[in-house]
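*Asks:* give the three-dimensional model of this entry:
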Amino acid sequence: MSRFFVAALFALIAGNASAYTNEGLYLFCKDYAEKGFEAETPEDVACFSYFIAIGEIMTEQCEGFGGFKADFNANYLNASIQQYLNTVANIPSEWNYQPSTYVADAISKIAPKCQ
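*Replies:* Sure thing, here's the model as predicted:
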């Protein structure tokens, strides 16, 4: 239950997550990655907060389906962000879409799966 509150807190910090587009999140995260994943601006915080919130939701879903705990943590955060950047950079035709599915896909390619 505490993970839900942490995810909600990060979502609030990041702002209205449903208002983001792939283009907006890509630009936030690209700057964050270019700075060596050092958070210096509110946009940097928005980037990693969005990924943490989606990662926490995925972990809760994994546990809810009776699987073992999904292991999304800081070790996978930067790699997931970089995976997202690599993917979204190649699909500018989809930059107007909401990024949640693309972020979840990037996380699932990097972090261990539910078992």
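*Asks:* list the contacts for Leu27?
*Replies:* Glu43 (C-beta atoms under 8 Å, 6 or more residues apart in numbering). The way it works is simple: take the backbone N, C-alpha and C, and place the C-beta from them, glycine included.
*Asks:* what do you get for Lys35?
*Replies:* Lys35 makes contact with Asp44, according to C-beta under 8 Å, 6+ apart.
*Asks:* so how far is Phe28 from it?
*Replies:* Distance from Lys35 to Phe28, counting by C-beta to C-beta, to the nearest Å: 11 Å.
*Asks:* so what sits against both of the two?
*Replies:* Asp44.
*Asks:* closest to the centroid, which residue in the protein?
*Replies:* What sits nearest the mean C-alpha location of the chain, by C-alpha atoms, centre = their mean, is Phe51, with 1.7 Å.
*Asks:* would you mind confirming that that one is in contact with Val103?
*Replies:* Yes - between Phe51 and Val103 there is a contact at 6.0 Å, judged by C-beta atoms under 8 Å.
*Asks:* spit out the residues that contact these two alike.
*Replies:* Shared contacts of Phe51 and Val103, counting by C-beta under 8 Å, 6+ apart, come down to 80, 84.
*Asks:* thinking again about what came up before, what's the pLDDT at the residue nearest to the centre of the chain?
*Replies:* You'll see Phe51 listed with a pLDDT of 93.
*Asks:* phi first, then psi, for it.
*Replies:* Backbone torsions for Phe51, taken as degrees, to the nearest 10, come to phi -70, psi -40.
*Asks:* and the closest residue in space to Tyr84 that isn't next to it in sequence, what does it touch?
*Replies:* The shortest distance from Tyr84 to any residue other than its chain neighbours is 3.9 Å, reached at Ala106 (C-beta to C-beta, 6 or more residues apart in numbering). Listed by C-beta under 8 Å, 6+ apart, the contact set of Ala106 reads 80-81, 83-84, 87.
*Asks:* mind checking how far Ala106 is from Glu63?
*Replies:* Ala106 is 21 Å from Glu63, where distance means C-beta to C-beta.
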